[in-house]
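>>> the following block contains a protein sequence and its predicted model.
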Amino acid sequence: MTFADLPEIAEGAVKQALAAGASDAECTIGEGSEFAANVRLGQLETLKESGSRGAGLRVLFDKRMGASYTSDLTPEGIRRMVQSAIDLAAVTTEDPDAALPDPSELGSIDGDLKLYSPDIETLPADTKIDYAKRAEAAALAHDPRITNSEGGSFDSNIGGRVFANSRGFIGSYRSTYCSISAVPIAVENGAMERDYWYSMARSVSGLEDPEYVGRKAGERAVRRLGAVKVETQRVPVVFDPRMARSLIGEIAEAVDGRAIYRNASFLAGKLGEKIASSKMTVVDDGTIPGLFGSQPFDDEGVPTRRTVVIENGVLQSYLLNTYAARKLGLKSTGSASRGITGNAGIGHGNFYLERGEKTPEQIIAGVRNGFYVTELIGTGVNTVTGDYSRGAAGLWIRDGELAFAVSEVTIASTLQEMFGNIAEIGSDLEFRGSIAAPTVMIGEMTVAGR
Amino acid sequence: MAFSDSFFAAKFGITQRDLENYISEALGRGGDYADLYFEYLATSSINIDESIVKSATQGVSLGVGVRVIAGERTGYAYSDDLSPERIRHAAQVAAMIASEPSKVEKTPLHEGPKRNLYPVLTAPSETAFRERVELAQRADRAARAYDSRIFQVNITYADNVREVLVATSDGVLNFDRQPLARISVSAIARNGSGAPQQGYSGGGGRYELDFFRNQRTPEYFAQEAARQAIVQLDAVDAPAGEQTVVLGPGWPGVLLHEAVGHGLEADFNRKGVSAFSGRIGQQVASPLCTVVDDGTMSGRRGSLNVDDEGNQTQRNVLIENGILRGYLQDKLSSRITKSVATGNGRRESYEHIPMPRMTNTFMLAGESDPEEIIRSVPRGLYCANFGGGQVDITSGNFVFSASESYLIEDGKLTRPVRNATLIGNGPEAMKYVSMVGKDLKLDEGIGVCGKEGQSVPVGVGIPTVRIDRMTVGGTA
């Protein structure tokens, strides 16, 4: 069985469900194969290589749904999966809004999204292991205080996805990605600090040099040494791009159509209102070739698109699948997302904060006393209320310069105040994942420490 | 039960000879050790939102993982197809890690001792689906009935049954049937058109469905979620800076999981990358603190008859009267450090390499009266419930997020405060524990622990404790 055989299996499952009396059905098949090599202190530590497949089915009997999945794609396995979904539809209750997308909404965007690169399949394992070794070696060589390591890694993944539904949609695509990373540990006066850096791309040729990745990881680990806990105070807080990404991710969660129709988001009912600084424009775009949030159609068979979510601080759009759109009297934004089974949830494409003018150095230079955050830990963000409180580490800014390392503190505010009070947005936007942001400076937050 | 009657033997015709052949194949290029992990997982879930059964899903997956260890190197491969050709292929891929003649002496497989920590005749996932839907519906009704200010209720009921078989080159042959079920409830409340507040509760374990009828009913979890949402409506801003913190009993035990548990996992310590590395025998907590990790508690969510490497789980003392006693081991780390296995080798599925992981982690009860602990604090924060937590094991800094807490003023709980994160440093934070209550309570059975991309079910527990100094991440 190859990838080319899967569309027929998906269509077959849909047909079987209809033949058994379902009014609608949708089938997803996913496959993936992974390669992972981890090298530690110059020696190969783990090597993993394998793949698996799974199929999922969702059926509607008018307004009642049932869903199932299986890792057994043989005819007998598929038959059991179909029966299993049908059995469940008998015990659910009617959901007046349950339906597939209208056929006029279905489709796939044209053009090559450059999601798949054959160079990942042909790259020899030895070369992959060598990339991991080189990244770690560069991190270890960066500074004498880097004396230990959690290693260097090379990971690659080849995935395939097929979707078919009873409204006539059938589509499939393959995708690849690979990454190099290094996790060095710096030691000084008996205290250890760890940091990491990585490069990720759809093709091997798109990766940054392993040496660059290693050095960057080394720099980040070393500059955390000698960290102190500062006094509790209210100061400007600058998020480096990696941390700003997590902040923009909170917006993706807050504009999720499900949270909106449930009134479980601080952005519910705010469409057309100013909810952030006019410096802020946030876009969701699933159509940019080669990026990690791109795909030709969403997980309901609706084409992906570019959606302006926040424009100059005004909330312009939520992210919607068919169900949430129906609930809110709006149209799907092509944002349906699911594993391989069940109701579609809501995800995002390339969700990013548009770049500003200043370089990160210029932003930092404008801060007299503030906190440059390079690490955040914990789950202390509540997108229902907007409450924000997370563990943080980074560097203290004194008179426009990075002065000393800080750790074991928290930063707190509310998302409403933070987005309303964005003082600067950097020019350093890079797409290292499906969410991206440049450096962001918030006018003031509470840093809790001593 | 004999192996010949076990799940994989009966359903897939796998024999001891097959297992021995696959292990030989895995050691075909050398290596010191090899193992096989067969897994069959059947799951179901129900979601109720807006009082509608919005989804009901069930399915099965199965596969086998093959691991080869050569020195400190691990090769791993898996297959979602149990045909002999595919298993042999996986064994050959895993074998690529080794390149020297095998030194392993053939040890015939023998079945290990048996016990049953979860004597479940009918797993929840083998019960009629409608009965499980009814339990979820009861939770929905109870949360809505609790208070008219509750306006959104979401119920998830999920269960699974996992059949596992482990065979190793050092002769271990073990199999287990692991049922698990939970209900979780989220409720959102508001005053008129005011800002919404959320409450969350849930629980379960390795029990029959009757657990939810007799011991912990859907109403119990629903009312708890609704209560927390209503409490938050009156919450004031949390304080910022160092405070005296009192943790309530039960789920706040997540402190132990983050502050010490992860830092004591043997892989990090073997590599010298944990803030606890090389500290066995040292004082890392106040003498009032004794912390154990116990995988042998009947029916608990974090319990296992055997870990995912075929070893029996056990009760391991991590900290005894404040002194660091031991690490949590898996096979690889215990081989390299020549330590005794502790039964903590766990993995998310057959696609994953096992690692040292926690089971049920808790602090033993002390002698203080919980009321007296609160009365002893002139000014501070009482944390009754937490969301999740996280730790940077290298620096030792950890956080956990309070979802229900109250100001303590003159020894009394006064106003509820908004969500806030607490932060501390692992080997230091617990030195400030000055009182430990006699009210040890375990959590309700909802915990999921993530490490290096792998999630496993765990439990936590703690009595009421007073911590004299901890940084609270509020804004006031």
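Cool, got the structure. Numbers count the residues shown, from 1 in each chain, chains lettered A, B, ... in the order given.
>>> hey, what's whichever residue of chain B sits closest to chain A bridged with?
Of all residues in chain B, B:Gly473 sits closest to chain A, at 2.7 Å by Cβ to the nearest Cβ. Heads up, the C-betas are built off the backbone N, CA and C, glycines and all. Applying DSSP bridges to B:Gly473 gives these bridge partners: B:Ala240, B:Thr421.
>>> where does it land on pLDDT?
We note a pLDDT of 95 for B:Gly473 in this prediction.
>>> look up how far A:Pro7 lies from it.
51 Å (Cβ to Cβ, to the nearest Å).
>>> one more: A:Met243?
For A:Met243, the distance to A:Pro7 equals 41 Å [Cβ to Cβ].
>>> try B:Phe151
Distance from B:Phe151 to A:Pro7, by Cβ to Cβ: 44 Å.
>>> surely B:Asp159 touches B:Gly205?
No: assessed by Cβ atoms under 8 Å, B:Asp159 is found out of contact with B:Gly205, at 10.8 Å.
>>> list the contacts of residue 221.
Using chain A here. A:139, A:146, A:184-186, A:193-195 (Cβ atoms under 8 Å, 6 or more residues apart in numbering or on different chains).
>>> oops, I was thinking of chain B
B:Phe221 touches B:139, B:183-185, B:201-203, B:444, counting by Cβ under 8 Å, 6+ apart.
>>> need the per-residue pLDDT for it.
pLDDT at B:Phe221 comes out at 98.
>>> in which helix or strand would I find it?
helix B:218-232 (DSSP states H and E).
>>> so how far is that helix off the chain centroid?
Mean-position distance between helix B:218-232 and its chain equals 23 Å (Cα atoms, centre = their mean, to the nearest Å).
>>> give me the element the closest residue to A:Gly339 other than its chain neighbours is part of.
The spatial neighbour of A:Gly339 that comes closest, neighbours along the chain excluded (Cβ to Cβ, 6 or more residues apart in numbering or on different chains), is A:Gly56 at 7.0 Å. A:Gly56 belongs to strand A:43-61 when assigned by DSSP H and E.
>>> what strands flank that strand, and is each parallel or antiparallel?
Applying DSSP bridges, one finds strand A:43-61 paired with strand A:24-40 (antiparallel), strand A:64-70 (antiparallel), strand B:73-79 (parallel).
>>> which strands or helices does the helix with the most length in chain A pack on?
When chain A is parsed with DSSP state H, its longest helix is helix A:125-141. On a contact count with 3 or more Cβ pairs under 8 Å, 6 or more residues apart in numbering or on different chains; DSSP states H and E, helix A:125-141 meets strand A:24-40, strand A:43-61, strand A:146-165, strand A:170-188, helix A:210-222.
>>> recalculate using a threshold of 10 Å.
strand A:24-40, strand A:43-61, strand A:146-165, strand A:170-188, strand A:197-201, helix A:210-222 (3 or more Cβ pairs under 10 Å, 6 or more residues apart in numbering or on different chains; DSSP states H and E).
>>> who does the residue in the stretch 301-450 of chain A positioned nearest to chain B form a beta bridge with?
Across the stretch 301-450 of chain A, no residue is closer to chain B than A:Thr410, which sits at 2.7 Å (Cβ to the nearest Cβ). Beta bridges link A:Thr410 to A:Gly391, A:Ala448, judged by DSSP bridges.
>>> strands of the stretch 201-350 of chain B, start to end?
In the stretch 201-350 of chain B, the strands defined using DSSP state E, counting those that start in this stretch lie at B:240-247, B:291-294, B:315-320, B:323-324, B:345-346.
>>> using TSV, lay out those strands together with mean neighbour count.
Formatted as TSV, the strands of the stretch 201-350 of chain B follow (neighbours: other Cβ atoms under 10 Å in any protein chain shown):
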stretch	mean neighbour count
strand B:240-247	23
strand B:291-294	24
strand B:315-320	20
strand B:323-324	20
strand B:345-346	28
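>>> tell me, how many residues neighbour B:Glu309?
Counted with other Cβ atoms under 10 Å in any protein chain shown, residues neighbouring B:Glu309 total 24.
>>> who are the neighbours in contact with the residue nearest to it when sequence neighbours are not counted?
Spatially, and ignoring its direct neighbours in sequence, B:Glu309 is nearest to B:Gly345 (3.7 Å; Cβ to Cβ, 6+ apart). If a contact means Cβ atoms under 10 Å, 6 or more residues apart in numbering or on different chains, then B:Gly345 has B:35, B:166, B:266, B:306-311, B:313, B:328-334, B:353-357 as its contacts.
>>> same thing but at 6 Å, please
B:307-309, B:330-331, B:354 (Cβ atoms under 6 Å, 6 or more residues apart in numbering or on different chains).
>>> pull out the buried members of those residues.
B:307-309, B:330-331, B:354 (16 or more other Cβ atoms under 10 Å in any protein chain shown).
>>> who does B:Ser55 bridge with?
Under the criterion used (DSSP bridges), B:Ser55 bridges to B:Asn47.
>>> I'd guessed it sits against A:Gly342; true?
Yes: taking Cβ atoms under 6 Å as the definition, B:Ser55 is a contact partner of A:Gly342 at 5.3 Å.
>>> and the stretch 251-400 of chain A, which of its residues are near chain B?
Proximity of the stretch 251-400 of chain A to chain B, by Cβ under 6 Å from any Cβ of the partner chain, involves residues A:262, A:264, A:341-343, A:377-380, A:382, A:384, A:387, A:389-391.
>>> who wins on neighbours among those?
A:Ser389 (33 neighbours).
>>> list phi and psi for it.
phi -160, psi 110 (degrees, to the nearest 10).
>>> okay, it and B:Glu404: tell me how far apart.
Applying Cβ to Cβ, the value for A:Ser389 to B:Glu404 is 14 Å.
>>> B:Glu372 now?
21 Å.
>>> show the contacting residues for B:Met96.
B:Gly75.
>>> mind doing that once more with 8 Å?
A:47, A:49, A:125, B:29, B:75.
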